[in-house]
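In: Dropping the sequence and predicted coords here.
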Amino acid sequence: MNNVEKILSNVLELQSMPTVFLEALDNIQDPKANAMKLANIVSKDMALTTKLLRLVNSSYYGISQKITQVNNAIALLGFRIVKDIIMVMALKPMMSSQSGKDLWEHSIRCAYASQILAESIIEIPAEEVFTIGLLHDIGRVLFQIYDLESFNEMVRLSNMGIEKLLVEEEIFGVDHTIVGEAFTIKEKLPYIISSTIRYHHDPLNENAPTMARIVYLAEMLIQPNPKNPIIEDEFMEQLGIEIEDLEELRQEIFDKTDIIINALK
């Protein structure tokens, strides 16, 4: 059994993935999925219900009347947005350490940043873009479930400036892009999700889909202390993406996601 198989089999044996998360994943590729199914998923989790309603009533959506029922929330927000929120909240219980909570916030910011970038760049359904952005680092989530102590050591070393993928290779024998790709293939998620996860740190690879370039740029935009400029003009040209003002876009992403993160904490 190789390192990837060992990590995935151990994670599944531990049953650390919340049922609501796996149901939400199934929901992504179910052509018969509808608002009622979403309501049923939400109703199984009181914390999820509470935070969904808190978010619906936040300033982010600007809804004038007070919403107190999940069905009403789904009707007002729409199927796609509620599904996104379920995915966000379903990931949270897996983030047990402070590093995990930081990763959860990073995933939310990346999902929204990817969505904003993709709107003007490629023709991929918005719900799929959000899911890809949210799951891009799912391999790191699996590392945390598999071995929390090693995960925290990995975070400590990468925070010291050691290249993240190299640290993961040293500690786990594989990096998070490969584990994440294997997990999404195992869960039978669309190819665009698994291939983007695989190449989001290697966006110029000939096998990388355009979505991998978008997620790469999204990650650059949401770094806590980005360099100036965030990305060199020459590399932006190589990515084939044109953005007028990266700093302004970064601020927009943080303004929006701060509201969402605070509502869902």
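Out: Perfect, I can see it now. Just so we're clear, the structure is a prediction, and the values are computed from it rather than from any experiment.

In: what secondary structure does the residue located most distally from the centre of the chain sit in?
Out: Note on the chain: the largest C-alpha distance from the chain mean falls to Q65, namely 30.0 Å (Cα atoms, centre = their mean). Recorded secondary structure, Q65: coil (DSSP: H, G, I helix; E, B strand; the rest coil).

In: do the same with P224
Out: Applying three-state DSSP: P224 is coil.

In: How about E181: what's its closest non-neighbour residue?
Out: R198 (4.1 Å; Cβ to Cβ, 6 or more residues apart in numbering). Every C-beta, even on glycine, is put in place using the N, C-alpha and C of the backbone.

In: Please, which helix or strand holds that neighbour?
Out: helix 191-199 (DSSP states H and E).

In: helices or strands next to the helix or strand just after that helix in the packing?
Out: Using DSSP H and E, the next helix or strand after helix 191-199 towards the C-terminus is helix 210-221. Applying 3 or more Cβ pairs under 8 Å, 6 or more residues apart in numbering; DSSP states H and E, we find helix 210-221 packed against helix 98-119, helix 126-135, helix 191-199, helix 233-239, helix 246-264.

In: Serialize those helices to JSON lines and add fields for mean neighbour count.
Out: Converted to JSON lines, the helices and strands packed on helix 210-221 look like this (neighbours: other Cβ atoms under 10 Å):
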{"stretch": "helix 98-119", "mean neighbour count": "21"}
{"stretch": "helix 126-135", "mean neighbour count": "24"}
{"stretch": "helix 191-199", "mean neighbour count": "22"}
{"stretch": "helix 233-239", "mean neighbour count": "13"}
{"stretch": "helix 246-264", "mean neighbour count": "16"}
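
In: Please convert these to TSV, extending it with distance to N152 and mean pLDDT.
Out: Output for the helices and strands packed on helix 210-221, formatted as TSV (distance: least, Cβ to Cβ, whole Å; pLDDT from 0 to 100):
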stretch	distance to N152	mean pLDDT
helix 98-119	6	89
helix 126-135	22	82
helix 191-199	22	95
helix 233-239	32	85
helix 246-264	21	88
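
In: The ones you listed: which one's closest to L55?
Out: helix 246-264 (4.2 Å; Cβ to Cβ).

In: What lies in contact with that closest one?
Out: For helix 246-264, contacts defined as Cβ atoms under 8 Å, 6 or more residues apart in numbering pick out 51, 54-55, 58-60, 85, 88-89, 92, 105, 108-109, 112-113, 116, 221-222, 226, 229-231, 243.

In: Output the below-cut-off pLDDT ranges for the chain.
Out: 1, 12-22, 24-25, 27-35, 96, 122-127 (pLDDT under 70).

In: Spatially central, which residue of it would that be?
Out: Of the residues in the chain (compared using Cα atoms, centre = their mean), L134 is nearest the centre, at 1.3 Å.

In: What residues does the closest residue in space to that one that isn't next to it in sequence make contact with?
Out: Leaving aside its sequence neighbours, L134 sits nearest to A111 (Cβ to Cβ, 6+ apart; 4.0 Å). Contacts for A111 (Cβ under 8 Å, 6+ apart) come out as 84, 88, 130-134.

In: May I ask which two of the residues you listed are separated the most?
Out: Top of the distance list for the contacts of A111 (Cβ to Cβ): V88 and I132, 13.5 Å.
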